[in-house]
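> Sharing a model that was predicted from the sequence below.
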Amino acid sequence: QVQLVESGGGLVQAGESLRLSCAASGSIFSINAMGWHRQAPGKQRELVAAITSGGSTNYADSVKGRFTISRDNAKNTVYLQMNSLKPEDTAVYYCNARGSYYSTRAPWDAWGQGTQVTVSS
């Protein structure tokens, strides 16, 4: 079993910044891709940013230049630095990671419980 625990959400004003963290724990042999998704009320969940084990990143067009994803492989943790936040960034943000189990090397795909980000205008 692998668990992802997110932290760092909150209420901010437009133009301000937030940093989200997501730590993975459990029977982990390796973690490949890690990423952040978000879901606003009445909308589908969308990919915000992702990062591979080698550090390659990709971003949604709507956050390019404002958000930065990074990871600390030693801590099994992924971060999302969100700058110049806009009201349209308001959503529940979910962490996602994929890897393999320590004991069996079988693949796993885990999601965090979500953290609310609210940006007021």
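Okay, I see it.
> need the contact list for Lys86.
Ala14, Val119 (Cβ atoms under 8 Å, 6 or more residues apart in numbering). C-beta here means a position set from N, CA and C on the backbone, and glycine is covered the same way.
> same deal with the one 5 residues further on?
When contacts are counted by Cβ under 8 Å, 6+ apart, Ala91 is found next to Arg38, Gln39, Ala40, Lys43, Val117.
> ok, what's across the strand from the residue sitting nearest the centre point of the chain?
Closest to where the C-alpha atoms of the chain average out (Cα atoms, centre = their mean) is Trp36, at 2.8 Å. Taking DSSP bridges, one obtains Ala49, Cys95 as the residues bridged to Trp36.
> give the contact list for it.
20, 22, 47-50, 69, 78, 80, 93-96.
> need these in CSV with neighbour count, distance to Phe29 and pLDDT, can you?
Output for those, formatted as CSV (neighbours: other Cβ atoms under 10 Å; distance: Cβ to Cβ, whole Å; pLDDT from 0 to 100):
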residue, neighbour count, distance to Phe29, pLDDT
Leu20, 23, 25, 98
Cys22, 27, 19, 98
Leu47, 14, 25, 98
Val48, 22, 26, 98
Ala49, 23, 24, 98
Ala50, 19, 20, 98
Ile69, 22, 22, 98
Val78, 29, 17, 98
Leu80, 25, 24, 98
Tyr93, 23, 26, 98
Tyr94, 20, 23, 98
Cys95, 27, 19, 98
Asn96, 19, 18, 98
